[in-house]
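Peer 1: Just to be clear, the model below is a prediction. Sequence and coordinates:
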Amino acid sequence: MRPNAGTKGVPRADREEQIVLAASEIFGSLGFAATSMAAVAEAAGISKPLIYNYFGSKEGLFTACLRGAGETLAAELERVAAGDAVGLERALLTLDGLFVLLEPRPWLWRLFFDPTVPRSEEGIAAELRSYTGRITRLAEEGVGELMSLAGNADPLDVSAMTAVWLSIVDALVTWWLDHPGETPTEMSARCVRLFTAALASDLPGLPEGHY
């Protein structure tokens, strides 16, 4: 078979994309451990040997799924970052963009938080590091802008707030995925209410000597 040839006249790149899309949904819905190559082959409408021919192993296929999902998610966050919004507006637009992006394919998010994934496997570990680094850099940039607007340029404060923000994003997206009746519009409005409530009251002072 020619290197760029697929099966039944389908170009190899198109066939690989077809397999990755089917596999991403199954991996993200069932988890890595519970996903069989036979199930992926059936969903993609191809033979199981073809998957091994293209990706080498179940881990190789999952790595390709991570690569595609990471690129999709990071591209959306970079789209928001390239706009004019800063501070809380950028934060809310980031969340809104994620909700809209994930509504038709919620399994993409779950690929990165599956506890059954063999994270020590070299290819998978490399993809996770790449995605995490890319997302963290965007978060640091956004948080740095937010802190600067508040007159705080302390690098440790920025680092701590970046960790908080990443946890907030994960918590809100995961909560939303666990409540499939919520539309992206409804969830974005909920986030506005949550942020408003959190920021509406003055913070209590700490006892003397604690700051």
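Peer 2: Right, received. Where do you want to start? Since we're looking at a predicted model, the values are computed, not measured.
Peer 1: dump the residue contacts of the closest residue to E78 other than its chain neighbours.
Peer 2: Once flanking residues are discounted, E78 sits nearest to L138: 6.7 Å by CB to CB, 6 or more residues apart in numbering. All C-beta spots, glycine's among them, are computed from the backbone N, C-alpha and C. By CB atoms under 8 Å, 6 or more residues apart in numbering, the residues touching L138 are 74, 77-78, 81.
Peer 1: Tell me the buried residues in stretch 42-59?
Peer 2: Buried residues in stretch 42-59, defined by neighbour count with 16 or more other CB atoms under 10 Å: 44, 46, 50-51, 54-55, 58-59.
Peer 1: which two from those residues end up farthest apart in space?
Peer 2: Maximum pairwise distance among these (CB to CB): 18.8 Å, between I46 and E59.
Peer 1: for the record, mean pLDDT for stretch 127-136?
Peer 2: The pLDDT scores in stretch 127-136 average 95.
Peer 1: For burial, what's the neighbour tally of V169?
Peer 2: Neighbour count for V169, taken as other CB atoms under 10 Å: 17.
Peer 1: For it, which non-adjacent residue is spatially closest?
Peer 2: Among residues not flanking V169 along the chain, L95 sits closest, at 6.8 Å (CB to CB, 6+ apart).
Peer 1: Ok, T94 next?
Peer 2: Nearest to T94 is V80, by CB to CB, 6+ apart, at 5.0 Å.
Peer 1: tell me the centre residue of the chain?
Peer 2: Residue closest to the mean C-alpha point of the chain, counted by CA atoms, centre = their mean, is W109 at 4.6 Å.
Peer 1: Contact partners for that one?
Peer 2: W109 sits next to 28, 73, 98, 102, 173-174, 177 when contact means CB under 8 Å, 6+ apart.
Peer 1: From those, list just the buried residues.
Peer 2: Buried members of the contacts of W109, counted by 16+ other CB under 10 Å: 28, 73, 98, 102, 173, 177.
Peer 1: Might you calculate how far the helix or strand harbouring V173 sits from the centre of the chain?
Peer 2: For V173, the host element (DSSP states H and E) is helix 155-177. Relative to the centre of its chain, helix 155-177 is centred 13 Å away, using CA atoms, centre = their mean, to the nearest Å.
Peer 1: change the start of the numbering to 889 and stick with it
Peer 2: Noted, 889 is the first residue going forward, which turns the last one into helix 1043-1065.
Peer 1: List the buried residues for it?
Peer 2: Of all the residues in helix 1043-1065, those buried under the rule 16+ other CB under 10 Å are 1046, 1049-1050, 1053-1054, 1056-1057, 1060-1061, 1064-1065.
Peer 1: Tell me where the protein has helices.
Peer 2: Here the chain has its helices, by DSSP state H, at 900-918, 925-932, 936-943, 946-969, 975-990, 995-998, 1010-1037, 1043-1065, 1072-1088.
Peer 1: Please identify which of the ones you listed is closest to T1004.
Peer 2: Ranking those by their distance to T1004 (criterion: CB to CB) puts helix 900-918 first, at 9.5 Å.
Peer 1: mind putting the buried residues of helix 1043-1065 in TSV, pLDDT included?
Peer 2: What follows is the buried residues of helix 1043-1065, written out as TSV (pLDDT from 0 to 100):
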residue	pLDDT
V1046	97
M1049	97
T1050	97
W1053	97
L1054	97
I1056	97
V1057	97
L1060	98
V1061	98
W1064	98
L1065	96
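Peer 1: Done for today, thanks.
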